[in-house]
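Asks: could you look at this predicted model? Sequence included:
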Amino acid sequence: MSIKVRYFASLKESIGRSEDNLEIAGLATVGDVWRYANPNKVLPDNILAAVNMDYVEWDAAVNDGDEVAFFPPVTGG
Amino acid sequence: MSIKVRYFASLKESIGRSEDNLEIAGLATVGDVWRYANPNKVLPDNILAAVNMDYVEWDAAVNDGDEVAFFPPVTGG
Amino acid sequence: MDIKICPEPFDPWQEIQAHQSSVADMAGKFGATSIFIGTMRDFNEGDNVQGMTLEHYPGMTEKQLEKIVAEAMRQWPVIDALVMHRVGDILPNEPIVLVAVWTSHRGDAFDASRYIMEALKSRAPFWKKELLKSQSERWLVKNTDGYL
Amino acid sequence: MDIKICPEPFDPWQEIQAHQSSVADMAGKFGATSIFIGTMRDFNEGDNVQGMTLEHYPGMTEKQLEKIVAEAMRQWPVIDALVMHRVGDILPNEPIVLVAVWTSHRGDAFDASRYIMEALKSRAPFWKKELLKSQSERWLVKNTDGYL
């Protein structure tokens, strides 16, 4: 399966990348995507997740072609 | 004592005057002013009163030189 | 703080902008502006309305509006406020009332502007008389509660 | 309904006016307009702020804002709404966000505009990084609750 992963704001800076393009079988959830893409990285507090631009919980399913995003709490407005 | 009385909006139209200038001793309250100025007029419902441009109750005192106003509920905004 | 009773039509955007730039030390200090504009509609209670006459009590209007804005400034940290209200003959689509409040934070701006609008509706001595398309006239009887 | 993400500074008054006159059948139909504008301040948490960079998630931002406005339109009888938000480099005194809501009655305009602002603050994917006068940078950590 093919998953695009995106990082934003302070998380992007601390990870040092804005995106990953994963080509791997066997990722079932958003949590799996995080652990696979960042094997040695402790997850910062309060990180939010989205699949295809909608907010999801960490146990949400991922499918081939999904865009998964991780980012800190939003501060717009 | 000298009291200026003012009427506004639908009350002004139903009374047929916009103001009275009273020169009379012995008016103690706003209610007295109304009764003296409009002896044969039944008071319409909900009429508000002001003395010197502040809202008052009908038993509020009036003094020489006061401006007393009567008007229906306000409908601005 | 500025309160204006306007016998002629006004442009709310121009007025807000002019007010904002006339208060020089406001630049960079406020984070939130909440604005309410009431506009004349061409229908009311099922009838077509052609025009409206707004009567007021000169002097008391200003006095009551100043009190209302002062009350808002005691309850919330308001940096500045502008209140404008039309009087005289008004046509559909013309602004009737403008309330603008500048604060540091958004909650205060929303609360203070709404407080001023509600208090204005219940206490500022203005009266509306509608001219219907049928050429009959009618006084509006009562303002509705804006919190419901 | 219009949602705009703006990489360049915008004039809120011009935008509101342009929007209002672009929707031809609105004239005479709306009685209430509630507008909120968030503006960049030159200080925050005790520090002088020289500038700000607003990052966003293109695509998700629009999607979330559309959802938020649709929610407001389901809860209140909204005639029209305009939401604008800056991204990129912002200077003090520049508008960051604009929410404008047109309704028949004032209570709905106040409620809907505030709902949109609060939902935007908690769900629209924007992130602010401040550049302090001391030349250090810092990410803002969390939005405050605007109902408190």
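Replies: Nice, thanks for sending it over.

Asks: can you show me the strands along chain C?
Replies: C:2-6, C:32-39, C:43-44, C:47-56, C:78-86, C:88-90, C:95-103, C:126-132, C:137-139 (DSSP state E).

Asks: okay, those in a markdown table with mean neighbour count, mean pLDDT and distance to A:Asn46 next?
Replies: C-beta coordinates here come from the backbone N, C-alpha and C atoms, glycine included. Formatted as a markdown table, the strands of chain C follow (neighbours: other Cβ atoms under 10 Å in any protein chain shown; pLDDT from 0 to 100; distance: least, Cβ to Cβ, whole Å):
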| stretch | mean neighbour count | mean pLDDT | distance to A:Asn46 |
| --- | --- | --- | --- |
| strand C:2-6 | 17 | 98 | 43 |
| strand C:32-39 | 26 | 98 | 25 |
| strand C:43-44 | 16 | 86 | 50 |
| strand C:47-56 | 18 | 95 | 52 |
| strand C:78-86 | 23 | 97 | 32 |
| strand C:88-90 | 16 | 98 | 52 |
| strand C:95-103 | 25 | 98 | 28 |
| strand C:126-132 | 20 | 96 | 50 |
| strand C:137-139 | 15 | 95 | 57 |
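
Asks: could these go into CSV alongside distance to chain B?
Replies: Shown next, in CSV, are the strands of chain C (distance: least, Cβ to the nearest Cβ, whole Å):
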stretch, distance to chain B
strand C:2-6, 11
strand C:32-39, 6
strand C:43-44, 11
strand C:47-56, 5
strand C:78-86, 6
strand C:88-90, 11
strand C:95-103, 5
strand C:126-132, 3
strand C:137-139, 4
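
Asks: nearest to B:Arg17, out of these?
Replies: When the strands of chain C are compared by Cβ to Cβ, strand C:47-56 sits nearest B:Arg17, at 14.8 Å.

Asks: give me the sheet partners of the closest one and which way each runs.
Replies: For strand C:47-56, the paired strands and their directions (DSSP bridges) read strand C:43-44 (antiparallel), strand C:88-90 (antiparallel), strand C:126-132 (antiparallel).

Asks: and the angle from the longest one to strand C:2-6?
Replies: Between strand C:126-132 and strand C:2-6, the angle formed by their directions is 30 degrees, by axes from the mean of the first three to the mean of the last three Cα atoms, to 10 degrees.

Asks: if we can go back for a sec, can I get the strands of chain C in JSON lines including distance to C:Tyr115?
Replies: Output for the strands of chain C, formatted as JSON lines (distance: least, Cβ to Cβ, whole Å):
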{"stretch": "strand C:2-6", "distance to C:Tyr115": "15"}
{"stretch": "strand C:32-39", "distance to C:Tyr115": "11"}
{"stretch": "strand C:43-44", "distance to C:Tyr115": "25"}
{"stretch": "strand C:47-56", "distance to C:Tyr115": "21"}
{"stretch": "strand C:78-86", "distance to C:Tyr115": "10"}
{"stretch": "strand C:88-90", "distance to C:Tyr115": "25"}
{"stretch": "strand C:95-103", "distance to C:Tyr115": "9"}
{"stretch": "strand C:126-132", "distance to C:Tyr115": "18"}
{"stretch": "strand C:137-139", "distance to C:Tyr115": "27"}
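
Asks: could you point out which of the ones you listed sits nearest A:Asp66?
Replies: The nearest among the strands of chain C, by Cβ to Cβ, is strand C:32-39 at 37.8 Å.

Asks: residues in contact with that closest one?
Replies: B:77, C:12, C:16, C:93-106, C:108-110, C:112-114, C:117, D:30-39, D:106, D:109-110 (Cβ atoms under 8 Å, 6 or more residues apart in numbering or on different chains).

Asks: what residues does stretch A:19-34 touch?
Replies: With Cβ under 8 Å, 6+ apart, stretch A:19-34 has contacts from A:1-7, A:36-37, A:43, A:49, A:51, A:56-62, A:68, A:70.

Asks: cool, and stretch A:42-50?
Replies: With Cβ under 8 Å, 6+ apart as the test, stretch A:42-50 has contacts from A:10-11, A:14, A:30, A:34, A:55-58, A:60, A:68-74, D:57, D:60, D:125.

Asks: and C:Val78, which of the strands paired with strand C:47-56 is closest to it?
Replies: Per Cβ to Cβ, nearest to C:Val78 of the strands paired with strand C:47-56: strand C:126-132, 22.7 Å.

Asks: the closest one versus strand C:95-103: what angle between them?
Replies: Here the directions of strand C:126-132 and strand C:95-103 differ by 140 degrees (the same axes, to 10 degrees).

Asks: enumerate every residue touching the residue positioned nearest the centre of chain C.
Replies: Taking Cα atoms, centre = their mean, the centroid of chain C lies closest to C:Val97, which sits 3.0 Å from it. Residues in contact with C:Val97 (Cβ under 8 Å, 6+ apart) are B:76-77, C:36-38, C:83-86, C:117, C:120.

Asks: so which of those comes closest to chain D?
Replies: Ranked by distance to chain D (Cβ to the nearest Cβ), the contacts of C:Val97 are led by C:Ile37 at 4.3 Å.

Asks: that closest one pairs with what?
Replies: C:Leu98, D:Thr33.

Asks: from C:Asp145, how far out is it?
Replies: 19 Å (Cβ to Cβ, to the nearest Å).

Asks: what does C:Val83 give?
Replies: From C:Val83 over to C:Asp145 (counting by Cβ to Cβ), the distance is 20 Å.

Asks: including distance to B:Asn21, could the strands paired with strand C:47-56 go into a markdown table?
Replies: Below are the strands paired with strand C:47-56 laid out as a markdown table (distance: least, Cβ to Cβ, whole Å):
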| stretch | distance to B:Asn21 |
| --- | --- |
| strand C:43-44 | 37 |
| strand C:88-90 | 26 |
| strand C:126-132 | 23 |
